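[1] Below are the sequence and a predicted model; questions follow.
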Amino acid sequence: MDQHANAEDLKLVARCQRGEVAAFNALFARHSPWVFNLALRLTGNPDDAQDMTQEAFVRAYRAIARYHGRAAFTTWLYRVAVNVCLDEIKRRGRRPVALSSLLGEDDPLPEADDSSVNLQQELQTRERRRALLQAIYALPPKHRQVLVLYELEGRSYEEISELLGLNLGTVKSRLNRARLALRQRLEPVKELFLSEASQKA
């Protein structure tokens, strides 16, 4: 965590705790993009992720008087956001995954003039990403959560344990099961990833 950024957050938090709504609006502007990305990774649904982002900041606003700076503001907000996402995933159950928005499929493909190889590579990359995301979001929520937090968010076992309220052994067990389930789901399309590995070799 950048110390300067955290110092700015703490100044805004102090102002917010004095009742300045504009200060909380500034915190929202600074941090809502990554909270949305976290929610999107956990849910796979942009509409749900938008709702959860709003709910996370509502909860943060209500609880900010109890924030005393023992952890970086972003760490505190991250915990709030994860808890909101987990609560909403349990409450809402499975929703269809809008893969097009996650894949960036609305982005134009490169022109197929003298860069046809690049076009082919782009199509293959999108196909691999589609297969991977479909496999991830088909996992049971308890496995998807630890996989996303560890592999995509870069959180440690200890951080995941604290965020999810699980012991370390459970975190490691769920992560191993998630990876195994993911490999099994990707087995029918493994040639997509073998071709990627051969390109890198």
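    Nice, thanks for sending it over.
[2] Number of residues surrounding Val171?
    24 (other C-beta atoms under 10 Å). From N, CA and C alone the C-beta is placed, and that goes for glycine too.
[3] Which secondary structure element is home to it?
    For Val171, the enclosing helix or strand under DSSP states H and E is helix 168-186.
[4] Other residues contacting that helix?
    For helix 168-186, the external contacting residues (C-beta atoms under 8 Å, 6 or more residues apart in numbering) are 131-132, 134-136, 138-139, 142-147, 150, 157-158, 160-161, 164, 166, 193.
[5] Buried residues, the helix or strand harbouring Gln124. List them.
    Here Gln124 sits within helix 116-137, counting by DSSP H and E. Counting neighbours by 16 or more other C-beta atoms under 10 Å, one finds that the buried residues in helix 116-137 are 128-133, 135-137.
[6] re earlier: pull out the buried residues from the contacts of helix 168-186.
    With neighbours counted by 16+ other C-beta under 10 Å, the contacts of helix 168-186 contain buried members at 131-132, 135-136, 139, 142-147, 150, 157, 160-161, 164, 166.
[7] Tell me which residue is most central in this protein.
    Within the chain, one residue has its C-alpha closest to the average C-alpha position: by C-alpha atoms, centre = their mean, that is Leu38, at 2.8 Å.
[8] quick one, domains of the protein?
    3-92, 99-200 (automatic domain parsing).
[9] Ranking these by mean neighbour count, which comes first?
    Per-stretch averages of neighbours, counted by mean count of other C-beta atoms under 10 Å, single out domain 3-92 among these, with a mean of 17.
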